[in-house]
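Asker: A structural model of the following input is requested.
(2 chains)
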Amino acid sequence: MDFGRISRRHLLQGGAALTLGAAAGVRPAFAADTTIGFIYVGSRDDYGYNQAHAQGAAALKKIPGLKVVEEEKVPETDAVEKTIESMINLDGASLLFPTSFGYYNPHMIKMANKFPKLRFEHCGGLWSDKDPKNAGSYFGYIDEAQYISGIVAGYTSKTGKLGFVAAKPIPQVLRNINAFALGARLANPKATTQVIFTGDWSMPVKEAEATNSLIDQGVDVLTCHVDGPKTMVENAARRGAMVCGYHVNQSPLAPKAYLTGAEWNWEALYPKFVKMIAAGESIPNFYRGGLKEEIVKTSPYGEAVSAEARKHADDVKAKFLSADGYAIFKGGLLDNKGKTVIAAGTDRGQKDPELEKMDYLVEGVIGATS
Amino acid sequence: MADGSIGLWTVPLAVLGGAIRVSTPFLFVSLGECITERSGRINLGLEGTLVMGAMSAYGISYLTGSPWLGVLAAGITGALLGALHAGICSLPRVNDVAVGIALMLFGTGLAFYLGKPLIEPTAPRLPAIDFGWWSDIPQLRAALRVNVLFLIGVALAPILYWAFRTTRWGLLIRTAGESSDAARAMGHSVLLIRLRATMVGGFLAGIGGSFLSLFYPGSWNEGLSSGQGITAVALVIFARWDPLLCLWASLAFGGAAALGPALQSVGVTSGYHLFNAAPYILTLAIMIVTCSPKRTLTGAPAELSITR
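Answerer: This next block holds a predicted model:
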């Protein structure tokens, strides 16, 4: 057998196929048979971050003429560049959603420069004028929903002690913890929120241990910011504590213990993006929004939520939805070391970019960022 | 106390609870690996076996409604993976470490692939025995909710210790591990002994996996093991191939895993990464203290590819 000749022939065939694929990839944007690529850092049915995006992708699949290609468990390394290139060259994707934080710089930026006619939409990044014009970053102010969860948790807790199982002390996580704690203090000015950092996005054993330790400390309502809240929700419910969910609705996991939760609403946003493109409008490169813009939502209240809590939470939600909006982080705000982090008189509105650099925990949170 | 908090007592209690809750997979995998290594082979693939065990236990428990059938399925899956390892290693000039690494990747990959539809459903869990009935402190009662598998594991350690010393099978396994020539001269097939030892090791590791998915943390997801299988294999070396020491080492690792979150919960918030690394620092320290350039590790089976 002559393996050399076969492999050479295959090589030529493969090369030809690749060239054809590349030529096909650079077709005019958004013809009737548009292909959209989704890239997830984890498993797309994790009851968490990736599932929320996959639900958004599923909403796009229902639109006629759209083809969705997906790849899961792509690490935040060069691997994502390879995935993007193969989605473009082999599948003909013309709109890409690399959904994990670490994909943005340098990987997606590099790809956006390489394929200037295609559109890249990244979740969580901070697009600036220096970045390519065909790239964009979108994100939701999910702290608004966490604030609502905090109000509900504050009313429901009997001990006044709330718990927060968090992955890493980065700005997005700290903002959620702070919003939850501030919401809880609206309901109960003495409420404390104890935070435990597990160190990484998916550490089921650590998350379970953190949940148990918090409950041992007298915490009776918990929430979290990790990739898969399933572990926290199930273990807390088993110990008889109440929970607020995150990313997607986890109430099927613990119907009795589930109060409410902060959910992404990508299934509303992604079709909106596609309609904007189809209508010839351009998506703003820096796209942000909260409850009003339908980028985030709250889970329906569980049966354990009192009428008083529902009313207060609904009132605040109405303020978020109003034309004036609502500021969670208002002036005269102290961190948990007693330092003033927002001076009296300055309200930081939700769109304030300063909030995306948050590096402190507010008064009422027990824990430290390092 | 009035608000149900027990303050600083949380830390020792969490370490105790952690030792009971977290240690079981370590215990089963390390006891299984102990049997395999005593027969003269290293099966590094137990991480894959653990994850496959967790997945198959969850799947079977979900489909049949019986968690105990899930445990059995996990054991059988583990034994099959063990047989695969032993089968490949019985071919001439095959390196057992390399096969182990391949099987580790194979096992985790296969489990993730087959386990996709199992992430969402909730399967029936293994029951817990309430050993804290005498106490009215809820935290203590929670820490003392013990699973039967943990008790089986604890009982297994001294049984294995005894079996290695006094039973025919134990001595045969050790002979195969110390000198395959001697075992062959006695008329025994070394490959067959090692096949059985690796299958039993895989069986136990699979059961360890079923504890992860059916008891604690108690659901199937892809980050479930996060390296516990490979840690447990290292534990065996750390425990000098002694089942009783495997038990203590597993308890220490379980307790240490609970230390980081517990310290944060009482307000020791700085350096939590360091506390999370406590088990590994402990391992390194003991390895450094007990190593010697003059001799091989005491207790190491002479036929192991790392000591030979």
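Asker: where along the stretch 51-200 of chain A do the strands fall?
Answerer: Under the criterion DSSP state E, counting those that start in this stretch, strands of the stretch 51-200 of chain A are mapped to A:67-71, A:93-98, A:119-123, A:135-140, A:161-166, A:192-197.
Asker: the second one vs strand A:67-71, what angle?
Answerer: Put simply, strand A:93-98 runs at 40 degrees to strand A:67-71, going by axes from the mean of the first three to the mean of the last three CA atoms, to 10 degrees.
Asker: equivalent analysis for the fourth one, please.
Answerer: Calculated by the same axes, to 10 degrees, strand A:135-140 forms an angle of 80 degrees with strand A:67-71.
Asker: likewise for the fifth one?
Answerer: For the pair strand A:161-166 and strand A:67-71, the angle between their directions (the same axes, to 10 degrees) equals 90 degrees.
Asker: got the contact list for the closest residue to residue A:273 other than its chain neighbours?
Answerer: In space, residue A:273 comes closest to residue A:283 once its chain neighbours are excluded; the distance is 5.7 Å by CB to CB, 6 or more residues apart in numbering or on different chains. Every residue, glycine included, has its C-beta placed from N, CA and C. Neighbour list for residue A:283: A:119, A:121, A:136, A:138, A:273, A:276-277 [criterion: CB atoms under 8 Å, 6 or more residues apart in numbering or on different chains].
Asker: among those, which two are most distant?
Answerer: A:138 and A:277 (13.4 Å; CB to CB).
Asker: same drill for the two, tell me which one is more crowded.
Answerer: residue A:138 (23 against 17; other CB atoms under 10 Å in any protein chain shown).
Asker: can you check the pLDDT for that one?
Answerer: For residue A:138, the model assigns a pLDDT of 94.
Asker: can you tell me how far it sits from chain B?
Answerer: 26 Å (CB to the nearest CB, to the nearest Å).
Asker: for that residue, list each beta-bridge partner.
Answerer: residue A:123, residue A:287 (DSSP bridges).
Asker: got any ranges where the chain has weak pLDDT?
Answerer: No chain specified, so I'll use chain A. Counting by pLDDT under 70, chain A contains low-confidence residues at A:1-32.
Asker: switch to chain B, that's the one I care about
Answerer: B:1-7, B:292, B:294-298, B:306-308.
Asker: name the next helix or strand downstream of the longest helix anywhere in it, please.
Answerer: Determined from DSSP state H, the single longest helix within chain B is helix B:10-38. Next along the chain after helix B:10-38, taking DSSP states H and E as the criterion, comes helix B:46-64.
Asker: and the angle for that following helix with helix B:10-38?
Answerer: Counting by the same axes, to 10 degrees, helix B:46-64 lies at 110 degrees to helix B:10-38.
Asker: touching chain A at all, helix B:46-64?
Answerer: No: for helix B:46-64, no contact with chain A is found by CB under 8 Å from any CB of the partner chain; the gap never falls below 10.4 Å.
Asker: those helices in the stretch 201-308 of chain B, which residues are they?
Answerer: Using DSSP state H, counting those that start in this stretch, the helices of the stretch 201-308 of chain B run over residues B:228-238, B:243-265, B:272-276, B:278-290.
Asker: who does the last one touch, helix- and strand-wise?
Answerer: Applying 3 or more CB pairs under 8 Å, 6 or more residues apart in numbering or on different chains; DSSP states H and E, we find helix B:278-290 packed against helix B:228-238, helix B:243-265.
Asker: got the CA positions of that helix in CSV?
Answerer: Presented in CSV, the C-alpha positions along helix B:278-290 are these (Å, rounded to 0.1, in the frame of the first residue of the first chain):
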residue,chain,number,x,y,z
ALA,B,278,-4.6,23.4,51.4
PRO,B,279,-4.9,19.7,50.5
TYR,B,280,-2.3,20.1,47.8
ILE,B,281,0.1,22.0,50.0
LEU,B,282,-0.4,19.2,52.6
THR,B,283,0.5,16.6,50.0
LEU,B,284,3.6,18.4,48.8
ALA,B,285,4.8,18.9,52.4
ILE,B,286,4.4,15.3,53.3
MET,B,287,6.0,14.1,50.1
ILE,B,288,9.0,16.4,50.7
VAL,B,289,9.4,15.4,54.3
THR,B,290,9.2,11.6,53.7
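Asker: quote the end-to-end distance of stretch A:195-209.
Answerer: One end of stretch A:195-209 to the other measures 13 Å (CA to CA, to the nearest Å).
Asker: that stretch vs chain B: in contact?
Answerer: Yes: counting by CB under 8 Å from any CB, chain B is contacted by stretch A:195-209 at A:195-199, A:202-209.
Asker: give me the nearest residue to residue 174, chain neighbours excluded.
Answerer: With no chain named, the answer covers chain A. residue A:358 (4.8 Å).
Asker: ah, no, chain B please
Answerer: Sequence neighbours aside, residue B:38 is the residue nearest to residue B:174 in space, at 5.7 Å (criterion: CB to CB, 6+ apart).
Asker: against residue B:290, how distant is the one you found?
Answerer: Distance of residue B:38 to residue B:290, given as CB to CB, to the nearest Å: 19 Å.
Asker: between these two, who's got more neighbours?
Answerer: Neighbour totals were compared for residue B:38 and residue B:290, and residue B:38 leads with 27 against 11 (other CB under 10 Å).
Asker: who touches that one in this structure?
Answerer: Counted by CB under 8 Å, 6+ apart, residue B:38 has contacts B:164, B:173-174, B:177, B:197, B:241, B:301.
Asker: for residue A:242, phi and psi?
Answerer: phi -90, psi 160 (degrees, to the nearest 10).
Asker: next, count neighbours for the closest residue to it other than its chain neighbours.
Answerer: Once flanking residues are discounted, residue A:242 sits nearest to residue A:221: 4.5 Å by CB to CB, 6+ apart. By the criterion of other CB under 10 Å, residue A:221 has 32 neighbours.
Asker: and residue B:94, by the same measure?
Answerer: Using other CB under 10 Å, residue B:94 has 11 other residues around it.
Asker: just the element for it, please.
Answerer: Using DSSP H and E, no helix or strand contains residue B:94.
Asker: and the spatially closest residue to it that is not a sequence neighbour, how many residues sit next to it?
Answerer: Spatial nearest neighbour of residue B:94, excluding adjacent residues (CB to CB, 6+ apart): residue B:88 at 5.9 Å. Residues near residue B:88, counting by other CB under 10 Å, number 15.
Asker: does residue B:88 count as helix, strand or coil?
Answerer: helix (DSSP: H, G, I helix; E, B strand; the rest coil).
Asker: do a quick rundown of the helices in the stretch 1-150 of chain A.
Answerer: For the stretch 1-150 of chain A, the helices defined by DSSP H, counting those that start in this stretch cover A:3-25, A:49-61, A:78-89, A:109-114, A:143-156.
Asker: residues contacting the most centrally placed residue in chain A?
Answerer: With distances taken as CA atoms, centre = their mean, the residue of chain A nearest its centroid is residue A:49 (5.8 Å). Neighbouring residues of residue A:49 by CB under 8 Å, 6+ apart: A:41-42, A:201, A:227-228, A:247, A:264.
Asker: and which of those is nearest chain B?
Answerer: residue A:228 (5.5 Å; CB to the nearest CB).
Asker: and for the closest one, the neighbour number?
Answerer: When neighbours are counted by other CB under 10 Å, residue A:228 registers 31.
Asker: over to residue A:280?
Answerer: By the other CB under 10 Å criterion, the neighbourhood of residue A:280 contains 7 residues.
Asker: what do you get for residue A:306?
Answerer: Residues near residue A:306, counting by other CB under 10 Å, number 12.
Asker: so it touches residue A:157, yeah?
Answerer: No: counting by CB atoms under 8 Å, residue A:157 is not a contact partner of residue A:306; they are 11.5 Å apart.
Asker: got the contact list for the closest residue to chain A within the stretch 101-250 of chain B?
Answerer: When scored by CB to the nearest CB, the stretch 101-250 of chain B has residue B:223 as its residue closest to chain A, at 3.5 Å. Applying CB under 8 Å, 6+ apart, we find residue B:223 in contact with A:202-204, A:227-228.
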